[in-house]
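In: The following comprises the amino acid sequence and a computationally predicted model.
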Amino acid sequence: MRLLFCLGLPFFIVQVVDAEDRGEHPIKDLSNASKLIHWPNGFDPKETDAFVHNEIWIKASAKVIWENLVDAAEWPTWYSNSAELQIAGTDHKTLQANGVFTWKTFGFPIASKINEFVPESRIGWFGNGTGIHAYHTWLILEEGNGCRVVTEESQIGPSAIHFNIEQPTAMYDAHHWWLTALKFRSEQASAK
């Protein structure tokens with residue numbers, strides 16, 4: 001693995017391998033898993049090979065946060081773990097209900113399909129790559145003069161097992177950077 005720095009944040013380049021199941025499995029901390037997440041069949045964190053939970057409070061409206069999340073064409077400009085993002089369809093800029101997009105994250109290509117889309121509240125998508133099937137979800141909860149934003153991801157497959165054993169904090173760290181960048185971007189937009 002090589003560790004690069006992009007916009008001051010570490011960026012991991014990962015080699016995807018066909019991992020054999022040697023009986024090893026990543027450690028999953030389910031203690032903070034949100035009971036408010038809608039998991040599709042087969043992706044409940046208790047049933048998957050890997051899981052991560054992150055959350056942050058953002059002093060911005062759900063509308064501003066949502067606009068930043070669905071403006072996926074802009075992710076690579078502010079989230080260093082995303083690249084080569086292409087959205088299928090006529091809009092080509094923002095995520096839509098049932099939409100499809102392709103991108104690179106952790107250095108390997110992922111084909112994603114939106115499964116849940118509730119404006120200013122919830123978005124969740126499937127992500128498929130070599131040896132990995134994932135479900136990534138976002139939840140925006142209004143609290144006081146801002147919002148608590150929760151993001152969780154469940155993964156299954158041999159590459160998910162291998163990646164999370166070899167780099168047990170990489171997914172958590174990357175989602176933390178994503179939330180931190182989302183917080184900065186949303187709070188800056190709200191201050192205007």
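Out: Happy to help now that I have it.
In: Quick check: nearest residue in space to the spatially most central residue of the chain, chain neighbours excluded?
Out: Central residue check for the chain by C-alpha atoms, centre = their mean: the C-alpha nearest the mean position is that of residue 136, 5.1 Å away. Using C-beta to C-beta, 6 or more residues apart in numbering and skipping the chain neighbours, the partner closest in space to residue 136 is residue 153 (4.5 Å). For the C-beta atoms, the positions are set from N, CA and C on the backbone; glycine is no exception.
In: ok, how many other residues are close to that neighbour?
Out: Here the neighbour count serves as a burial measure; for residue 153 (other C-beta atoms under 10 Å) it reads 23.
In: so it sits in a helix?
Out: No - counting by DSSP: H, G, I helix; E, B strand; the rest coil, residue 153 is not part of a helix but strand.
In: Wait, residue 81 touches residue 110, no?
Out: No - applying C-beta atoms under 8 Å, one finds residue 81 not in contact with residue 110, separated by 11.2 Å.
In: Out of the two, name the residue with the larger neighbour count.
Out: Using other C-beta under 10 Å, the more surrounded residue of residue 81 and residue 110 is residue 81, with 24 against 21.
In: give me the number of residues near residue 130?
Out: Using other C-beta under 10 Å, residue 130 is surrounded by 13 other residues.
In: quick one, strands of the chain?
Out: Along the chain, the segments classed as strands by DSSP state E run 2-6, 9-13, 50-58, 83-87, 100-105, 108-118, 122-129, 132-143, 146-156.
In: Deepest-packed of those, please.
Out: Stretch with highest mean neighbour count among those: strand 146-156 (a mean of 22; mean count of other C-beta atoms under 10 Å).
In: Packing partners of that strand?
Out: Under the contact criterion of 3 or more C-beta pairs under 8 Å, 6 or more residues apart in numbering; DSSP states H and E, the helices and strands touching strand 146-156 comprise strand 50-58, helix 62-70, strand 132-143, helix 170-191.
In: what angle sits between the first one and strand 146-156?
Out: Angle, strand 50-58 to strand 146-156, by axes from the mean of the first three to the mean of the last three C-alpha atoms, to 10 degrees: 170 degrees.
In: Can you list the neighbours in contact with strand 50-58?
Out: The set of residues external to strand 50-58 that reach it, using C-beta atoms under 8 Å, 6 or more residues apart in numbering, is 26, 28-30, 32-34, 45, 65, 143, 146-156, 160-161, 163-164, 171-172, 175-176, 178-180, 182-183, 186-187.
In: Beta-bridge partners for the spatially closest residue to residue 171 that is not a sequence neighbour, please?
Out: If you skip the residues right next to it in sequence, residue 171 has residue 52 as its closest partner in space, 4.6 Å away by C-beta to C-beta, 6+ apart. Going by DSSP bridges, residue 52 is paired in beta bridges with residue 153.
In: what about residue 52, distance to residue 163?
Out: To residue 163, residue 52 is 12 Å away according to C-beta to C-beta, to the nearest Å.
In: Name the residues contacting each of these two.
Out: Listed contacts common to residue 52 and residue 163 are residue 171; contacts here mean C-beta under 8 Å, 6+ apart.
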